[in-house]
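[1] The following comprises the amino acid sequence and a computationally predicted model.
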Amino acid sequence: MKRIGQYSAFADAAIFEAVRTPWVDLGGALSQVSPIDLGIKVGREVLARAGIDPLAVDSVLAGSMAQASFDAYLLPRHIGLYSGVAQSVPALGVQRICATGFELLRQAAEQLRDEAQLVLCVASESMSRNPIAAYTHRDGFRLGGAVQFKDFLWEALYDPAPALDMIATADNLARRHGLSREAVDRYARDSHQRALQAQRDGAWVDEIVTVDNQVFELEGYRPRGISLARRADAVTEDSHPRSTTLAALARLRAVHPDGVQTAGNSCAVVDGAAAALVGRASACTRPALARLLASAVVGVAPEFMGIGPVPAIRLLLQRSGLSLDDIGRFEINEAQAAQVLAVVQELELDSGRLNVQGGSLGLGHPLAATGLRLVMTLARQLRAHNLRYGIAAACVGGGQGMALLIENPAYRA
């Protein structure tokens, strides 16, 4: 019988520490910062927070979706070098669209099975610097011919296989699962309110690092650095959480005439970066943030790509021997409200354990970095509430789902 999806179990992998920048709205204070420099910032910060010498790092894994700087090919290598990692340590670029952050952790855990002892994982995304691009002009322009420049940020949301954009795939799920516009808006309102309340309560203070104007030096090489836009001196918190109402959401026009998805019940577009240090749990000299137990990734139909977390979570539970009732918290990326509600319906998931601090509707979704944010947020919730297991999951453009199972090392029965 053909096996569905890919499952990996990890016997001795842990996240020692994890941090992120604030998520900042499109065109905001981070809009002119290269994703490489955002990645260097969190790379340096996570090493400092963990109290680990950068020279102890054996491998660098980094991910970013769009080519948001002219030196984008060098993103993994430069993040490693300017974070202080030894020049002899290799760096690898990783990409699984919205699940890139999960994939970084999966590959880090896999490397621990070989010779690696400590892996630096960094994901960085500048949505603001997504280019206006042309792919057919290398040989020049014909006299009177059309010049086809397009907005990469918008066009990247379109999947030519089913000839649908990501919003339309969520609308497909809404129709298939009988989700009304009112139900979708209600979920969005609640998510926004949870995110705003979590911010007021300081729920993300431990994971967010302040980003300010600074220079990154590397002996023998040119300095890099961060220069914030809009005359900002520093960025200290997520910029998108805000209050909204059902009435306000209902006034927004659907993206597609027959659909339920709007700008208000879809994920916010933001810039940001995140980093995690992954090492062997048996070698951790102080309490780890979380143990990495297993991952699962599964393909689904592209036209229903948002349902991807369902088979990924089912595979994760089946192979790990756990049930839904064993999982204390779920963090499932909120690409679109209809997409999350379809997942909840399929899994018959208790909403009281899902995205209790809000999600990407209220915070935003910097593609590559979201997976790391979901996991670090989940890990800190498990610690705060003495819960043992948590699952983070996301749908993936093109038709995939990925899920990660973590354990609270400080859990007491």
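    Perfect, thanks for sending it.
[2] Now do the contacts for residue 351.
    Residue 351 is in contact with residue 344, counting by C-beta atoms under 8 Å, 6 or more residues apart in numbering. (C-beta placed from N, C-alpha, C; glycine too.)
[3] From residue 120, how far out is residue 16?
    As judged by C-beta to C-beta, to the nearest Å, residue 16 and residue 120 stand 10 Å apart.
[4] Residue 392 touches residue 372, doesn't it?
    No - at 9.4 Å, residue 392 and residue 372 do not qualify as touching, with contact defined as C-beta atoms under 8 Å.
[5] all helices for the stretch 301-413 of the chain, in order.
    309-320, 337-347, 360-363, 370-384 (DSSP state H, counting those that start in this stretch).
[6] And those: which comes nearest residue 137?
    Nearest to residue 137 among those is helix 370-384 (32.6 Å), distances taken as C-beta to C-beta.
[7] which secondary structure elements does that closest one contact?
    If you count contacts as 3 or more C-beta pairs under 8 Å, 6 or more residues apart in numbering; DSSP states H and E, helix 370-384 packs onto strand 6-20, helix 100-112, strand 118-125, strand 270-280, strand 290-299, strand 327-332, strand 389-396, strand 400-407.
[8] got these as JSON lines, with mean neighbour count, distance to residue 182 and mean pLDDT columns?
    Rendered in JSON lines, the data for the helices and strands packed on helix 370-384 read as follows (neighbours: other C-beta atoms under 10 Å; distance: least, C-beta to C-beta, whole Å; pLDDT from 0 to 100):
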{"stretch": "strand 6-20", "mean neighbour count": "22", "distance to residue 182": "33", "mean pLDDT": "97"}
{"stretch": "helix 100-112", "mean neighbour count": "26", "distance to residue 182": "32", "mean pLDDT": "98"}
{"stretch": "strand 118-125", "mean neighbour count": "31", "distance to residue 182": "32", "mean pLDDT": "98"}
{"stretch": "strand 270-280", "mean neighbour count": "29", "distance to residue 182": "27", "mean pLDDT": "98"}
{"stretch": "strand 290-299", "mean neighbour count": "24", "distance to residue 182": "31", "mean pLDDT": "98"}
{"stretch": "strand 327-332", "mean neighbour count": "24", "distance to residue 182": "21", "mean pLDDT": "98"}
{"stretch": "strand 389-396", "mean neighbour count": "28", "distance to residue 182": "23", "mean pLDDT": "98"}
{"stretch": "strand 400-407", "mean neighbour count": "27", "distance to residue 182": "27", "mean pLDDT": "98"}
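[9] Near residue 300, how many other residues are there?
    For residue 300, the count of nearby residues is 21 (other C-beta atoms under 10 Å).
[10] whoops, I mixed them up, residue 194
    19.
[11] Now do the contacts for the closest residue to it other than its chain neighbours.
    Excluding its sequence neighbours, the residue lying closest to residue 194 (C-beta to C-beta, 6 or more residues apart in numbering) is residue 358, at 3.8 Å. By C-beta under 8 Å, 6+ apart, the contact list for residue 358 reads 191, 192, 193, 194, 195, 196, 197, 198, 241.
[12] Can you give me the pLDDT of residue 139?
    Here, the pLDDT recorded for residue 139 equals 82.
[13] how close does residue 62 sit to residue 37?
    Applying C-beta to C-beta, the value for residue 62 to residue 37 is 13 Å.
[14] These two: which has the busier surroundings?
    Higher neighbour count among residue 62 and residue 37: residue 62, with 29 against 24, using other C-beta under 10 Å.
[15] would that one count as being in a strand?
    Yes - judged by DSSP: H, G, I helix; E, B strand; the rest coil, residue 62 forms part of a strand.
[16] Make 118 the starting number, not 1.
    Got it, the first residue is 118 from now on, which makes the last one we talked about residue 179.
[17] quick one: it from residue 362, how far?
    40 Å.
[18] Confirm that residue 378 sits in a strand.
    No - going by three-state DSSP, the assignment for residue 378 is coil, not a strand.
[19] That one is in contact with residue 289, isn't it?
    No - Residue 378 sits out of contact with residue 289 when judged by C-beta under 8 Å, with a separation of 10.3 Å.
[20] With neighbour numbers in mind, choose between these two.
    Here residue 378 and residue 289 are compared on neighbour count by other C-beta under 10 Å; more neighbours surround residue 378, at 28 against 22.
[21] Let me know the helix or strand that residue 381 is in.
    Assigned by DSSP states H and E, residue 381 belongs to neither a helix nor a strand.
[22] Regarding the residue sitting furthest away from the middle of the chain, what is its secondary structure?
    Within the chain, residue 260 marks the point farthest from the mean C-alpha position, 44.2 Å out by C-alpha atoms, centre = their mean. Here residue 260 is coil, with the state taken from three-state DSSP.
[23] Let me know the pLDDT of it.
    Per the predicted model, pLDDT is 79 at residue 260.
[24] And what about residue 245, helix, strand or coil?
    Strictly by three-state DSSP, residue 245 counts as coil.
[25] could you list every residue that touches it?
    So residue 245 contacts 143, 144, 145, 147, 148, 149, 388 (C-beta under 8 Å, 6+ apart).
[26] can you list these in TSV and add distance to residue 402 and secondary structure?
    Formatted as TSV, those follow (distance: C-beta to C-beta, whole Å; DSSP: H, G, I helix; E, B strand; the rest coil):
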residue	distance to residue 402	secondary structure
143	41	coil
144	43	coil
145	38	coil
147	34	coil
148	39	coil
149	39	coil
388	34	strand
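[27] Redo these as CSV? Include distance to residue 323.
    Formatted as CSV, the contacts of residue 245 follow (distance: C-beta to C-beta, whole Å):
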residue, distance to residue 323
143, 26
144, 28
145, 23
147, 21
148, 26
149, 28
388, 21
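[28] Let's see if you can find the most crowded of those residues.
    Busiest of those [other C-beta under 10 Å] is residue 147, holding 33 neighbours.
[29] Now for that residue: which residues touch it?
    138, 141, 155, 243, 245, 328, 345, 346, 352, 388, 389.
[30] CSV for those, including distance to residue 503?
    Shown next, in CSV, are these (distance: C-beta to C-beta, whole Å):
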residue, distance to residue 503
138, 29
141, 33
155, 34
243, 37
245, 39
328, 32
345, 39
346, 42
352, 32
388, 34
389, 29
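[31] Now which of these would you call buried?
    Listed as buried from the contacts of residue 147 are 138, 141, 155, 243, 245, 328, 345, 352, 388, 389; burial here means 16 or more other C-beta atoms under 10 Å.
[32] how about CSV for the residues you listed, with distance to residue 254 added?
    As requested, the buried ones among the contacts of residue 147 are arranged in CSV below (distance: C-beta to C-beta, whole Å):
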residue, distance to residue 254
138, 35
141, 32
155, 30
243, 24
245, 24
328, 36
345, 33
352, 36
388, 28
389, 32
